[in-house]
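*Asks:* only geometry, no sequence info:
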C-alpha cells in the first residue's frame, strides 16, 4: 500500500495566499503534521498530488514524491486520485491536505482488515459537512445534503480512506468520462455497489478540515487546543 495526499486544489473559498495544506495553526503546517503522523505510523513515504502553487509544495524539506495535476483548475478531485493511481499502480491510503486530526484516525484505518475503507467521525456541526449513509457498516450514499442520502446519516466523512487497486482501476475507468467528479461523493460512491466499501467510525474523533475562513478560525480556536490537551 502507498500513501497519497491530495493537494492540487485552488482553495478559493479560503482566500489565503498560501495553499490550504501549508497553513500552520500551531507552528507546523497541516501537511507537514500529517506527513509526520503518517511516518510515525509506518505509513510513509508520501506521494503528494500538486497543482495550484505546486512550486511551493516542491520546495518543502520533506522527502516526497510528486504527481502533477495540470488540470487542477477545471476538474474535480477525482482526477488527482486517478493520476496518483496511474503513477503508483497499488493499493492507496488517501488523505486530503487540509486536515488537522489526531493520530488515532490513522490507527482506526490500520486496525481494520477491510481493503476498501473510509473513516467517519460523529457529527461536528462544523459547516460544509459530508454525510455518509452506511447500513450495516457499508457505504451506500454520501452527500453534503442530508436529504440526498438514501437513508439516515451514520457519520461524517473525514477525508482519510484506503482503497484497493481493484476498486481504483474501476474508479479510474469511470472517471475518464466524469472530469468534474469529486473522488469521494462521486467516484467512491459510483463503485460502492460493485465493491464493498466499509466504514469505520470514531464518534469522538478530534479533527477538522479547512475549506473557508470559518473552518480556519475553528481549527485554531477549538480543534488545536483540544489536540494539545
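*Replies:* Looks like it came in fine. Given the structure is predicted, the values throughout are model-derived calculations rather than measurements.

*Asks:* contacts, neighbours, all on C-alpha from now
*Replies:* Noted.

*Asks:* sec struct for residue 151, please.
*Replies:* Three-state assignment for residue 151 (DSSP: H, G, I helix; E, B strand; the rest coil): coil.

*Asks:* Tally up the residues packed near it, please.
*Replies:* By other Cα atoms under 10 Å, 15 other residues sit near residue 151.

*Asks:* what's it sitting at in phi/psi?
*Replies:* Main-chain torsions, residue 151, degrees, to the nearest 10: phi -150, psi -170.

*Asks:* List the contacts of it.
*Replies:* The contact partners of residue 151, by Cα atoms under 8 Å, 6 or more residues apart in numbering, come to 133, 141.

*Asks:* if I look at it, how far off is residue 126?
*Replies:* 21 Å (Cα to Cα, to the nearest Å).

*Asks:* Run through the protein and note the low-pLDDT ranges.
*Replies:* The model of the chain has pLDDT under 70 over residues 12-16.

*Asks:* Go through it and flag its longest strand.
*Replies:* What stands out as the longest strand in the chain, according to DSSP state E, is strand 155-163.

*Asks:* mind listing what's buried in that one?
*Replies:* Going by neighbour count (16 or more other Cα atoms under 10 Å), the buried part of strand 155-163 is 155-163.

*Asks:* same thing with stretch 98-111?
*Replies:* By 16+ other Cα under 10 Å, the buried positions in stretch 98-111 come out as 98-103, 105-106, 109.

*Asks:* Adding secondary structure, write those residues out as CSV.
*Replies:* Formatted as CSV, those follow (three-state DSSP):
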residue, secondary structure
98, coil
99, strand
100, strand
101, strand
102, coil
103, coil
105, helix
106, helix
109, helix
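
*Asks:* about what we covered before: now do the longest strand of the chain: distance to the chain's middle.
*Replies:* For strand 155-163, the separation from the chain centroid amounts to 6 Å (computed by Cα atoms, centre = their mean, to the nearest Å).

*Asks:* What strands line up against that strand, and which way round?
*Replies:* Strand 155-163 pairs in its sheet with strand 92-96 (antiparallel), strand 117-121 (antiparallel), strand 131-133 (antiparallel), by DSSP bridges.

*Asks:* what about residue 52, how many residues close to it?
*Replies:* Using other Cα under 10 Å, residue 52 is surrounded by 20 other residues.

*Asks:* In contact with it: list those residues for me.
*Replies:* Contact partners of residue 52, counting by Cα under 8 Å, 6+ apart, are 8-10, 19, 72-73.
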